[in-house]
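> generate coordinates for the sequence data below:
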Amino acid sequence: MSKEYETVIGLEVHVELATKTKIFCGCSTAFGGAPNTHTCPVCTGMPGSLPVLNKQVVEYAMAVGLATNCEITRHCKFDRKNYFYPDNPQNYQISQLYLPICRNGHVDIELGRVSVNQKNAGKEAGEIRHKQVRIHEIHMEEDAGKLIHDEWADESLVDYNRSGVPLIEIVSEPDMRSAEEVIAYLETLRQTIQYLGASDCKLQEGSMRADVNLSVREVGSTEFGTRTEMKNLNSFTSITHAIENERERQIDIIESGGKVVQETRRFDDAKGESYAMRSKEDAQDYRYFPDPDLIPVDISDEWIERVKAAQPEFRPAKIERYKEEYGIPDYDIELITQSKRMADIFEESVRLGADAKKVSNWLMVETMRLLKEKNMDADKLVFSPAHLAKLVELVDKKVINNNTAKEVFAQMFEDDTDPVKYVEEHGLKQENDSGAIKEICSAVIEANPKSVEDYKGGKEKAIGFLVGQVMKQAKGKADPGTVNEILKELLS
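Next up is the predicted model:
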């Protein structure tokens with residue numbers, strides 16, 4: 001009888017914080033600068049340079065800790081993690097080992113709905129599954145530089161722009177058992193941190209990176225197996241593939257009588273396989289000791305309360321409030337609240353007087369379409385709630401029709417154009433003179449006897465062709481509903 005195995009997974013998630021300057025110096029953290037232009041003696045490890053802690057880094061770390069139900073360490077300090085690598089100019093990284101800023105937290109994740117097959121597990125089919133993932137600690141540290149490999153010249157160059165960029169590392173307990181749980185945990189973390197404004201959490205730009213610690217054991221065993229670590233996975237697809245691949249690799253080793261080696265591995269997404277990088281280090285290998293150039297950080301109750309008071313309304317609470325206040329479908333609520341930027345646009349547009357369902361429709365249809373078309377994230381939306389509310393009003397008052405509104409919205413999406421001014425400047429106001437529309441309708445009826453005959457013969461769809469012809473002659477400026485009514489009146 002073949003054995004059944006359980007996967008045991010813990011994550012180390014590195015998040016670049018959204019400060020304007022680095023953790024220990026005043027250099028810019030902006031992404032995409034020319035190599036080695038955002039540097040100074042501190043972040044390039046020059047002898048005699050001294051670090052000065054960025055207060056905003058501490059506040060962001062506290063905010064994430066509070067949002068993930070952590071205890072805040074009132075007296076925390078920094079340590080030196082000693083290792084040599086070309087992207088590490090000091091030959092050590094300033095981090096926190098002994099007294100990290102946050103400890104003993106947890107995140108509640110949703111895992112989809114219970115299937116019919118899972119009903120016997122004590123939950124009803126269709127009920128949302130929940131799980132709690134414990135957080136061991138969150139600590140502050142500095143990022144390293146970036147090595148750039150030039151295959152043509154057969155050399156490696158180093159860019160220190162990223163050196164000293166502030167990070168928090170969120171270390172979970174080994175509570176996850178599948179790729180599904182890992183992705184749900186990462187999604188929850190990402191949304192929480194984005195709502196806080198502590199980071200944009202863009203995996204593709206490296207501002208959120210995950211190291212996966214994975215082992216397998218026989219189902220029913222309480223002993224952990226030997227774990228491996230897969231470093232710097234930067235997409236949910238890569239993470240899923242890496243977990244599935246590593247699980248199968250370890251099971252194959254165990255089934256063939258071998259032993260899993262504790263090591264750091266790198267997953268090659270293109271080949272769909274991982275390879276060993278080095279043996280897995282333990283803390284003693286890094287010779288940690290307290291950083292002598294940085295004083296401990298004392299965090300008062302008053303400071304914690306100030307950070308707590310600045311916390312936003314998070315997505316779960318927002319979802320429940322939207323259900324009570326706005327009367328829009330649950331599906332709309334789920335999508336709108338995935339992005340704080342989109343949720344803010346929705347709420348402010350409604351506050352300015354626009355109908356909630358109409359605002360939701362603009363976000364769910366045209367906004368989502370353009371985001372997908374332009375491969376954009378919702379946090380990059382530039383149009384203002386005031387302009388979206390004006391657009392809804394223009395349609396409500398029949399100043400423009402829906403087709404024209406889509407044209408106006410496309411321009412708003414690009415550069416936050418004022419829709420009222422755009423309609424005026426481009427002569428897009430709807431023709432509301434029923435006499436003029438009636439004249440066009442009469443001319444279209446006279447010019448299209450076959451469609452008129454089809455309509456009178458019971459083919460209701462024939463009216464659509466006639467409406468299209470009227471709209472064409474009116475250059476899109478007539479209200480389709482009014483055109484439809486006038487045509488039916490003339491054909492009756």
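> can you show me the strands along the stretch 101-250 of the chain?
Taking DSSP state E, counting those that start in this stretch to define them, one finds strands in the stretch 101-250 of the chain at 102-113, 128-142, 146-150, 155-159, 166-172, 208-218, 228-233.
> sorry, that was for the stretch 251-400 of the chain
Here the stretch 251-400 of the chain has its strands, by DSSP E, counting those that start in this stretch, at 263-268, 273-279, 289-290, 297-298.
> neighbouring strands - and their directions - for the first one?
If you go by DSSP bridges, strand 263-268 pairs up with strand 228-233 (parallel), strand 273-279 (antiparallel).
> on that earlier part again, TSV for the strands of the stretch 101-250 of the chain, including mean neighbour count, mean pLDDT and distance to residue 452?
For glycine as for every other residue, the C-beta is placed from the backbone atoms N, C-alpha and C. TSV is the format used below for those (neighbours: other CB atoms under 10 Å; pLDDT from 0 to 100; distance: least, CB to CB, whole Å):
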stretch	mean neighbour count	mean pLDDT	distance to residue 452
strand 102-113	17	90	53
strand 128-142	19	94	55
strand 146-150	11	87	70
strand 155-159	14	92	71
strand 166-172	24	97	69
strand 208-218	21	94	62
strand 228-233	19	86	65
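> and these as a markdown table, adding distance to residue 463?
Below are the strands of the stretch 101-250 of the chain laid out as a markdown table (distance: least, CB to CB, whole Å):
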| stretch | distance to residue 463 |
| --- | --- |
| strand 102-113 | 43 |
| strand 128-142 | 46 |
| strand 146-150 | 63 |
| strand 155-159 | 65 |
| strand 166-172 | 60 |
| strand 208-218 | 54 |
| strand 228-233 | 57 |
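> before we move on, back to that, please work out which of the strands of the stretch 251-400 of the chain is packed deepest.
strand 263-268 (a mean of 17; mean count of other CB atoms under 10 Å).
> export it to CSV, keeping only CA atoms.
What follows is strand 263-268, C-alpha atoms only, in CSV (Å, rounded to 0.1, in the frame of the first residue of the first chain):
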residue,chain,number,x,y,z
GLU,A,263,19.7,23.1,1.3
THR,A,264,18.8,26.3,-0.5
ARG,A,265,17.4,25.7,-4.0
ARG,A,266,16.5,27.9,-7.0
PHE,A,267,13.4,27.1,-9.1
ASP,A,268,13.8,27.5,-12.8
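> sorry, back to before: nearest to residue 32, of the strands of the stretch 101-250 of the chain?
Of all those, it is strand 155-159 that lies closest to residue 32, at 11.1 Å by CB to CB.
> who touches that closest one?
35-36, 86-87, 145-150 (CB atoms under 8 Å, 6 or more residues apart in numbering).
> let me know the closest of those to residue 222.
The closest of these, once distances to residue 222 are taken by CB to CB, is residue 87, at 40.1 Å.
> name the element that closest one belongs to?
Using DSSP states H and E, residue 87 maps to neither a helix nor a strand.
> the nearest residue in space to it that is not next to it in sequence: neighbour count?
Closest residue in space to residue 87, ignoring its immediate chain neighbours: residue 145 at 3.9 Å, by CB to CB, 6 or more residues apart in numbering. Neighbour count for residue 145, taken as other CB atoms under 10 Å: 24.
> what residues does residue 145 make contact with?
Applying CB under 8 Å, 6+ apart, the residues contacting residue 145 are 87-89, 158-163.
> farthest pair within those residues?
Farthest pair in the contacts of residue 145, by CB to CB: 88 and 161, 14.2 Å.
> ok, residue 437 - contacts?
Contacts of residue 437 by CB under 8 Å, 6+ apart are 431, 470, 474, 478, 482-483, 486.
> out of those residues, list just those in helices.
470, 482-483, 486 (DSSP state H).
> make CSV from those residues and add distance to residue 43, neighbour count and pLDDT to it.
Formatted as CSV, those follow (distance: CB to CB, whole Å; neighbours: other CB atoms under 10 Å; pLDDT from 0 to 100):
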residue, distance to residue 43, neighbour count, pLDDT
470, 67, 23, 71
482, 65, 19, 74
483, 66, 25, 75
486, 71, 20, 74
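> out of these, what pair is the most spread apart?
Pairwise distances across those (CB to CB) peak at 9.8 Å, for the pair 470 and 482.
> could you pull up the contacting residues of the nearest residue in space to residue 70 that is not next to it in sequence?
Spatial nearest neighbour of residue 70, excluding adjacent residues (CB to CB, 6+ apart): residue 105 at 3.3 Å. The neighbours of residue 105, taking CB under 8 Å, 6+ apart as the test, are 65, 68-71, 134-135, 138.
> go again using 6 Å as the cut-off
68-70, 135 (CB atoms under 6 Å, 6 or more residues apart in numbering).
> rewinding a little: look at residue 88 and residue 161 and report which has more neighbours.
More crowded of residue 88 and residue 161, by other CB under 10 Å: residue 161, with 24 against 19.
> the residue nearest to that one when sequence neighbours are not counted - how many residues pack around it?
Excluding its sequence neighbours, the residue lying closest to residue 161 (CB to CB, 6+ apart) is residue 38, at 4.4 Å. A total of 23 residues lie near residue 38 under the criterion other CB under 10 Å.
> got the contact list for residue 38?
27-28, 161.
> for the residue nearest to residue 70, give its distance to residue 354.
Relative to residue 354, residue 105 is positioned 39 Å away (CB to CB, to the nearest Å).
> am I right that residue 349 is in contact with residue 387?
No: the criterion here is CB atoms under 6 Å, and residue 349 misses it with residue 387 at 9.0 Å.
> the more surrounded of these two?
In terms of neighbours (other CB under 10 Å), residue 349 is the more surrounded of residue 349 and residue 387; the figures are 27 against 23.
> wait, what's in contact with that one?
359, 385, 388-389 are the contacts of residue 349 under CB under 6 Å, 6+ apart.
> now the closest residue in space to residue 205 that isn't next to it in sequence, what's its secondary structure?
Using CB to CB, 6+ apart and skipping the chain neighbours, the partner closest in space to residue 205 is residue 31 (5.9 Å). Classification of residue 31 by DSSP: H, G, I helix; E, B strand; the rest coil places it in coil.
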